[in-house]
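Colleague: Any chance you can model this:
(one chain, ligands or ions: 1)
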Amino acid sequence: MIIKYTAPLRGELSIPGDKSISHRSVMFGALAEGTTEVTNFLTGADCLSTISCFRQMGIEIEQKDTNVLVHGKGLHGLRAPAEILDAGNSGTTVRLLSGILAGQAFDSVINGDETIQKRPMKRIMTPLAGMGADVTSVRGNGCAPLRIHGNKLHGVHYDSPVASAQVKSCILLAGLYADGVTSVTEPAVSRNHSELMLRYFGADVRTGADMQKSMEPRTASSDKSSAENRRGFTVSIMPEPKLTGQRIHVPGDISSAAYFIAAALLVPGSELLLKNVGINPTRDGMLRVCREMGADITLLNEDHSGAEPCADLLVRSSHLKAVEIGGDIIPTLIDELPVLAVLAAFADGTTVIRDAAELRVKESDRIAVMTENLSRIGCPVEAAGDGMIITGGKPLHGAVIDSHMDHRIAMSFAVAALACTGETDIQGAEIVNISYPGFYEDLARVCR
Ligand code: S3P
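Modeller: Coordinates of the predicted model:
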């Protein structure tokens, strides 16, 4: 894919559905009784992997473009898959599904593509083992394929060393099948879509009193028993709820909007309206950092009436300055750090990103891969163990970019290309289909 500057970004764009919420709508819909009707579902390859895994376990799912009907069979309605479950490239599918599979009355094996087979799974195997689950890494290397022998599970409390929504959600889902309450404490708040949606389906999910106001339960009073006494952010779930099928309209994915926000900020003369984007406070760190960099972003038509808040984002090109990004904000922008690094490359001054060691275990080692590719376009950048130091403001040039088959790297450099001189050649460009089918077409449509 060759990309070069053509024109400012103008007009409006509807961003495809949120990947995290789309996955969960199918998973929880499958475990609910009755039909769940999903609109604006993300048809990216990752979410299609989740659909096919549940079909393999006997759940009837009708999908027509972004409309999905999940005919749920209740908490105990899944049937043993005849074949290995294939999660493709999707870490969310492997980790969340493992929590569900651990408590079934059958055995299963879950695997995925080459990338998935390198991603760490001990982070879920350890807490699941503490609940009495029997999950083994087939090759003994702490990665997929995972063999899961369904077991009776115990409710436990788990202090997670990482702020990871995938780890937290895996434990909460196993907690649906436990013999008592299950709780997780994480060092900083990670995305809370599982908590919000499980509650929407009828589960009793409680967050600690020390959590942000926005994360408080809507109906139940907060769990003061133990959560308040723990450091960090605690969420608990009661076992064996009756989940009921729901209607879910998936908001636009802020992680996908991020590329258009960045492109509109960088290309002079741009003014772009991004419609119906999710602005959940556990996901909006990019907006906060961009504003600190001097970005002109206005929220219009904010809607807080549903489980997930959303708004239209009006983005105008802006002169950006360097910032420091670290601490508790990291989980709220973890997937946006590659494109934030691109913004830093064009901002005045030196940007420091730290506390982001999790980047090393994403679809690629995003610290190494961003450092390699930013250097290729002429940006002075240094990798650190848990982040990057980026010196911005120098004119940068097009180059050959290696996406390392990581969708977020490909899209980040498609954005960088618009602000570089000359042409940029993105290798492995088609990987954007993981989270944003139609990304290049949408980009071409608004550059006019
Ligand atoms: C996700 C959580 C994040 C994120 C991933 C999707 C989810 O991973 O990077 O793209 O849907 O729960 P971690 O929870 O491992 O940080």
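
Colleague: mind exporting the helix or strand harbouring residue 289 as CSV, just the C-alpha atoms?
Modeller: In the assignment (DSSP states H and E), residue 289 maps to helix 285-292. What follows is helix 285-292, C-alpha atoms only, in CSV (Å, rounded to 0.1, in the frame of the first residue of the first chain):
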residue,chain,number,x,y,z
GLY,A,285,-7.0,8.8,27.5
MET,A,286,-6.0,9.7,23.9
LEU,A,287,-8.4,12.6,23.9
ARG,A,288,-7.0,13.9,27.1
VAL,A,289,-3.4,13.6,25.9
CYS,A,290,-4.2,15.2,22.5
ARG,A,291,-5.8,18.2,24.3
GLU,A,292,-2.6,18.5,26.5
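
Colleague: Now do it: which elements does it pack against?
Modeller: In this structure, helix 285-292 packs against helix 254-266, strand 296-303, helix 337-346, with contacts taken as 3 or more C-beta pairs under 8 Å, 6 or more residues apart in numbering; DSSP states H and E. Quick note: C-beta positions are derived from backbone N, CA and C, even for glycine.

Colleague: Of all these, which one comes closest to the ligand?
Modeller: Nearest of the helices and strands packed on helix 285-292 to the ligand, taken as C-beta to the nearest ligand atom: helix 254-266 at 7.1 Å.

Colleague: mind checking the backbone torsions on residue 326?
Modeller: phi -170, psi 170 (degrees, to the nearest 10).

Colleague: Might you report the residue contacts of it?
Modeller: 352-356, 387 (C-beta atoms under 8 Å, 6 or more residues apart in numbering).

Colleague: Which of those residues fall within strands?
Modeller: Taking DSSP state E, the ones among the contacts of residue 326 that sit in strands are 352-353, 387.

Colleague: show me where pLDDT drops low in the stretch 151-300 of the chain?
Modeller: 209-231 (pLDDT under 70).

Colleague: what ranges do the strands span in it?
Modeller: 157-159, 182-186, 205-207, 233-237, 247-249, 271-278, 296-303 (DSSP state E, counting those that start in this stretch).

Colleague: rewinding a little: can you pick the most crowded of the ones in strands among the contacts of residue 326?
Modeller: Within these, residue 353 tops the neighbour count with 25 neighbours, counted by other C-beta atoms under 10 Å.

Colleague: who's that residue bridged to?
Modeller: Counting by DSSP bridges, residue 353 is bridged to residue 325, residue 388.

Colleague: Quick one: mean pLDDT for the helix or strand hosting residue 20?
Modeller: Residue 20 is located in helix 19-31, with elements delineated by DSSP H and E. Averaging pLDDT along helix 19-31 gives 98.

Colleague: just stretch 117-137 next, same as before
Modeller: 98.

Colleague: Buried ones in it, by neighbour count?
Modeller: Using 16 or more other C-beta atoms under 10 Å as the test for burial, stretch 117-137 gives 117, 119, 121, 123-125, 127-128, 131-133, 135, 137.
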